[in-house]
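Asker: only geometry, no sequence info:
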């Protein structure tokens, strides 16, 4: 598969995430910026619906931001070329908002802020695996080429294991929510097209 130049949709998402992260760093010491715009399930379920979008642009640290943006860039390029920018945006936000909704439904009384684009990014990973199933990926620590469709399964199973083991400060259910919503949307879309 030939990797093409990044299109505007993907560039815009990455730029927006980086800019919001810088604002977050600057303003969190002055005002509770993260608290206002993170996903807080109890507030989200009470009607603070903007959190279902804004939480995707906040991150828990530089490493969190870099990993999410790298995975988004790596797997989103071909999808945006194939689908077009409008459909790419639509899918990205459906996965991210769906991840927020699923996480909040299972944690309705939680006041712990959730941040990051990971739910949407897991949806992008799933779409890449379903669209380009035989593309070879090298996953750390395996370091052997593996088909993209199997890589998605591996990541999904790992997230499920981490969820049941209690994965620290990571919202594994949001990651799985992004995968599930992405899968449902892509299946519905395929049925609609045929």
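Answerer: That came through, no problem. Here the structure is a predicted model, which means the values were calculated and not measured.

Asker: Check which helix or strand residue 137 maps to.
Answerer: strand 136-138 (DSSP states H and E).

Asker: Pull the number of nearby residues for residue 57.
Answerer: 21 (other CB atoms under 10 Å). Quick note: C-beta positions are derived from backbone N, CA and C, even for glycine.

Asker: Which stretches in the chain count as strands?
Answerer: 136-138, 145-147 (DSSP state E).

Asker: ok, and what's touching stretch 36-43?
Answerer: Residues from elsewhere that reach stretch 36-43, judged by CB atoms under 8 Å, 6 or more residues apart in numbering: 48, 50-52, 54-55, 57-58, 100, 103-104, 107-115.

Asker: got the residue ranges for the helices in the protein?
Answerer: 8-27, 33-37, 41-45, 51-54, 62-83, 85-106, 118-131, 148-165, 172-193 (DSSP state H).

Asker: what does the average pLDDT come to for the second one?
Answerer: Across helix 33-37, the average pLDDT comes to 87.

Asker: follow-up on the earlier one: which one of the strands of the chain lies closest to residue 16?
Answerer: Proximity to residue 16 (CB to CB) singles out strand 136-138 among the strands of the chain, at 26.3 Å.

Asker: So which elements touch the closest one?
Answerer: strand 145-147, helix 148-165 (3 or more CB pairs under 8 Å, 6 or more residues apart in numbering; DSSP states H and E).

Asker: any idea which of these is most buried?
Answerer: helix 148-165 (a mean of 16; mean count of other CB atoms under 10 Å).

Asker: Which strands or helices does that helix pack on?
Answerer: helix 118-131, strand 136-138, helix 172-193.

Asker: Need the winner for burial among the helices of the chain.
Answerer: Comparing the helices of the chain on average neighbours, where mean count of other CB under 10 Å defines a contact, helix 118-131 leads with a mean of 26.

Asker: now for that helix, which elements pack on it?
Answerer: Helix 118-131 packs on helix 62-83, helix 85-106, helix 148-165, helix 172-193, going by 3+ CB pairs under 8 Å, 6+ apart.

Asker: Now render the helices of the chain as TSV, adding distance to residue 138.
Answerer: Listed next are those as TSV, based on distance: least, CB to CB, whole Å:
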stretch	distance to residue 138
helix 8-27	22
helix 33-37	34
helix 41-45	36
helix 51-54	33
helix 62-83	11
helix 85-106	24
helix 118-131	14
helix 148-165	9
helix 172-193	21
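
Asker: which stretches of this protein have low pLDDT?
Answerer: Applying pLDDT under 70 to the chain flags the ranges 1-6, 140-142, 167-168, 191-194.

Asker: Can you give me the distance of residue 162 to residue 143?
Answerer: Distance, residue 162 to residue 143, by CB to CB, to the nearest Å: 21 Å.

Asker: I figured residue 97 was touching residue 51, is that so?
Answerer: No - when contacts are counted by CB atoms under 8 Å, residue 97 is not listed as touching residue 51 (10.0 Å).

Asker: picking up where we left off before, of all the helices and strands packed on helix 148-165, which one is nearest residue 148?
Answerer: Closest approach to residue 148 among the helices and strands packed on helix 148-165 (CB to CB): helix 118-131, 4.4 Å.
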